[in-house]
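[1] A predicted structure for the sequence below; I have some questions about it.
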Amino acid sequence: MKGRVEQLDGLRGIFSILVIAHHHNAFKDADLYNNFFVINASLFVDFFFVLSGFVIALNYIDRIRTGNDFFQFLKKRFIRLYPLLFFTEIVFVIANLVGEQSPMKNVASLGLSYYFYTAFDALTFMGSTPVFGAWISNNYPSWSISAEMISYVVFGLVILFLPKFKYFAFALLSLISALFIVSRGEYLLAYDYGFVRGLLCFCFGIFTHLILSKRTFRLTMLEIPFLIVLLAAMYAVHHLDLNLWKLAFPVLFSAGIIIFASSDGIVTRLLSSAPFQYLGKISYSIYLNHALVLILVNVVLFRFLKSEPTSLMIAVSLVTSISLTIAYSHFTYEWIEMRFGKFLRDKWS
């Protein structure tokens, strides 16, 4: 299998847009938000973790043999994640400080110390841990980038020190993570122990790669049934209030990766088309940019312009937020992710 699977990139792009819809929750009673699908779209973050585990295993499962391999791996991962994380965090802090002194102020006075501590938490990759406190980051989706980096470190250490027992180690980590989540009574961990949730999903991605490396499937007929099962699961956990049953979603997302990586059906072809590939390409920027755009659009529409929060205007807000996020993310992808990332690679090569 090649180092990337196009249709999975397309799926990641779609899910990044759906996360925007989930965070468009300023008016929680609106029909656009108050439904089982959008409320539970935060679960698509778990798909990102599972897909990341799959892609990292696909590219690195047998390539970390020495300490230098390990540090080169982490350096590449750092360069991939950090430029945009740093940029978006600084932009968010500046926007908050400007907002403190303007009629577009978004929240009650939090003070410079709050912005410093939360930025420090995010920029040290500790935003999904209680190491410096369970802060809600300025750029609140960034907790998952912390969980992602922690998963990379754990992956590299396991491959380096336990190469013959790596799958046993990942299975044990999965079990411990699941038991920890059950002990907390909450699946959607984020700012305190979100790295546990991320590691659980990441390990499922590793085993997804193991399955696909051992056997070739033809699963085109399962494309639509999988999407139906996914929707039914989201409906069930919402309406039956099955919090810990959300532990099934890493399994579902692993199954989805296997299905779409082994399919050439209409959904796969759609996901491989140029528009969805474009969304997949800039999905990291979409994910880290969307919170700022959502806040700005809602403040402008409903506070500065004093629009009535009707269903139509809320829909306008959502469509505008998605459109502006995509446009802005094209810029940050080209200039921050790619160009500044290349600058760091050239400097540190």
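    The structure has been received and is ready for your questions.
[2] following the helix or strand where Val98 lies, which helix or strand comes up?
    Using DSSP states H and E, the element containing Val98 is helix 67-100. Next helix or strand after helix 67-100 toward the C-terminus (DSSP H and E): helix 111-123.
[3] list the helices and strands that following helix packs on?
    When contacts are defined as 3 or more Cβ pairs under 8 Å, 6 or more residues apart in numbering; DSSP states H and E, helix 111-123 packs onto helix 67-100, helix 143-161. Where C-beta positions appear, they are placed from N, C-alpha and C, glycine not excepted.
[4] convert the C-alpha atoms of the helix or strand in which Ala169 is found to CSV, please.
    Assigned by DSSP H and E, Ala169 falls within helix 166-184. Coordinates of each C-alpha in helix 166-184 appear next as CSV, following Å, rounded to 0.1, in the frame of the first residue of the first chain:
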residue,chain,number,x,y,z
LYS,A,166,5.2,-3.6,19.6
TYR,A,167,1.7,-4.9,18.8
PHE,A,168,1.3,-6.3,22.3
ALA,A,169,2.4,-2.9,23.7
PHE,A,170,-0.1,-1.1,21.6
ALA,A,171,-2.8,-3.5,22.6
LEU,A,172,-1.9,-3.0,26.3
LEU,A,173,-2.0,0.8,25.8
SER,A,174,-5.4,0.6,24.2
LEU,A,175,-6.7,-1.5,27.1
ILE,A,176,-5.3,0.9,29.7
SER,A,177,-6.7,3.9,27.8
ALA,A,178,-10.1,2.4,27.6
LEU,A,179,-10.2,1.4,31.3
PHE,A,180,-9.1,4.9,32.2
ILE,A,181,-11.9,6.5,30.2
VAL,A,182,-14.4,4.1,31.8
SER,A,183,-13.0,5.0,35.3
ARG,A,184,-13.6,8.7,34.5
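[5] mind listing what's buried along it?
    166, 169-170, 173-174, 177-178, 181 (16 or more other Cβ atoms under 10 Å).
[6] next one: stretch 313-329
    313-314, 317-318, 320-322, 324-326, 328-329.
[7] and for stretch 274-290?
    So for stretch 274-290, counting by 16+ other Cβ under 10 Å, buried means 276, 278-290.
[8] nearest to Thr118, of those?
    Leu288 (14.7 Å; Cβ to Cβ).
[9] what's the helix holding Val98 packed up against?
    helix 111-123, helix 143-161, helix 283-299, helix 311-332, helix 341-348.
[10] what angle sits between it and helix 311-332?
    130 degrees (axes from the mean of the first three to the mean of the last three Cα atoms, to 10 degrees).
[11] where does the residue nearest to Met149 when sequence neighbours are not counted land in three-state SS?
    Using Cβ to Cβ, 6 or more residues apart in numbering and skipping the chain neighbours, the partner closest in space to Met149 is Phe125 (4.4 Å). Recorded secondary structure, Phe125: coil (DSSP: H, G, I helix; E, B strand; the rest coil).
[12] of the helices and strands packed on helix 67-100, which shows the lowest average pLDDT?
    Among the helices and strands packed on helix 67-100, helix 111-123 carries the lowest mean pLDDT, a mean of 86.
[13] please enumerate residues in contact with stretch 83-98?
    With contact meaning Cβ atoms under 8 Å, 6 or more residues apart in numbering, stretch 83-98 is reached by 106, 110, 112, 115, 119, 122-123, 137-139, 142, 145, 284-285, 288-289, 291-292, 295-296, 332, 336-337, 340-341, 344.
[14] list the buried ones in that stretch?
    Buried residues in stretch 83-98 (16+ other Cβ under 10 Å): 83-85, 87-89, 91-93, 95-96.
[15] show the average pLDDT along that stretch.
    pLDDT averaged over stretch 83-98 gives 90.
[16] quick one: contacts for the closest residue to Tyr60 other than its chain neighbours?
    Take Tyr60 and drop its neighbours on the chain: the residue closest to it by Cβ to Cβ, 6+ apart is Phe73, 6.1 Å away. Taking Cβ under 8 Å, 6+ apart, we find Phe73 in contact with 60, 63-64, 152, 156.
[17] confidence score at the residue in the chain sticking out farthest from the centre?
    Going by Cα atoms, centre = their mean, the residue of the chain most distant from its centre is Lys306, 32.7 Å out. pLDDT, Lys306: 91.
[18] also Ser263?
    So, for Ser263, pLDDT stands at 96.
[19] could you pull up the residues touching the closest residue to Gly127 other than its chain neighbours?
    Of all residues not flanking Gly127 in the chain, Ser146 sits nearest, at 4.0 Å (Cβ to Cβ, 6+ apart). Neighbour list for Ser146: 122, 125-129, 194-195 [criterion: Cβ under 8 Å, 6+ apart].
[20] my read: His330 touches Ile282, true?
    Yes: here His330 reaches Ile282: they are 6.1 Å apart, a contact under Cβ atoms under 8 Å.
[21] identify the residues contacting stretch 305-313?
    By Cβ under 8 Å, 6+ apart, the residues outside stretch 305-313 that reach it are 27, 30-32, 301-302.
[22] so which of those is the closest to Leu200?
    Distances from Leu200 to the contacts of stretch 305-313, taken by Cβ to Cβ, are shortest for Leu32, at 30.5 Å.
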